[in-house]
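# just the structure for this:
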Amino acid sequence: MPKPLKHVFICTQNRPQGHPRGSCTASGCVDIMNAFLNEIQSRNLFDRIAVTNTGCLGPCMTGPNVLVYPEGILYGRVKKEDVNRIIDQHLLGDEPVTALQVSPEIW
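Numbers count the residues shown, from 1 in each chain. Got it, this is the predicted structure:
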């Protein structure tokens, strides 16, 4: 497999119900992970975009969180409906989706 052009990390941290930090699992990260994987597969982009689930990325209050490298851009409160926009605009078009970025004070 060639080196991917972009690498997407999706927080799948799961904490117990009522934990003060919450968790991306409680915010729906599994749907986000599946949406990315399904789109990457349906578009046959595995040679260009890597997708990896990860533990906590830090700002739990903005979950589900999606981190894109090599730029180091963190998207927060991502919904399934946002996945195609992130893929089209950022991962393929090299233009970050500013409306979904976590504020600079947090990331």
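# quick one: the strands in the protein?
Here the chain has its strands, by DSSP state E, at 6-11, 49-54, 66-69, 73-75.
# helices or strands next to the last one in the packing?
It stands for strand 73-75. Using 3 or more C-beta pairs under 8 Å, 6 or more residues apart in numbering; DSSP states H and E, the elements in contact with strand 73-75 are strand 66-69. From N, CA and C alone the C-beta is placed, and that goes for glycine too.
# can you list contacts of the strand it packs on?
With contacts defined as C-beta atoms under 8 Å, 6 or more residues apart in numbering, strand 66-69 is touched by 6-11, 32, 36, 54, 57, 73-76, 78, 86, 90-91, 96.
# buried ones in it?
Taking 16 or more other C-beta atoms under 10 Å as the basis for neighbour counts, the residues of strand 66-69 that come out buried are 66-68.
# same list (these) but as JSON lines, adding pLDDT and distance to residue 106.
Formatted as JSON lines, the buried residues of strand 66-69 follow (pLDDT from 0 to 100; distance: C-beta to C-beta, whole Å):
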{"residue": "66", "pLDDT": "98", "distance to residue 106": "14"}
{"residue": "67", "pLDDT": "98", "distance to residue 106": "13"}
{"residue": "68", "pLDDT": "98", "distance to residue 106": "16"}
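# return the member of those nearest to residue 48.
Among the buried residues of strand 66-69, residue 68 lies closest to residue 48 (C-beta to C-beta), at 12.8 Å.
# closest one to residue 20 among the strands of the chain?
strand 6-11 (16.8 Å).
# packing partners of the closest one?
Helices and strands touching strand 6-11, by 3+ C-beta pairs under 8 Å, 6+ apart, are helix 29-42, strand 49-54, strand 66-69.
# quick one, the longest one and strand 6-11 angle?
Using axes from the mean of the first three to the mean of the last three C-alpha atoms, to 10 degrees, one finds that helix 29-42 and strand 6-11 are set 160 degrees apart in direction.
# which positions in helix 29-42 come out as buried?
Under the neighbour-count criterion of 16+ other C-beta under 10 Å, helix 29-42 has 29, 32-33, 35-37, 39-40 buried.
# if anything else comes up later, I'll come back, but that's it for now.
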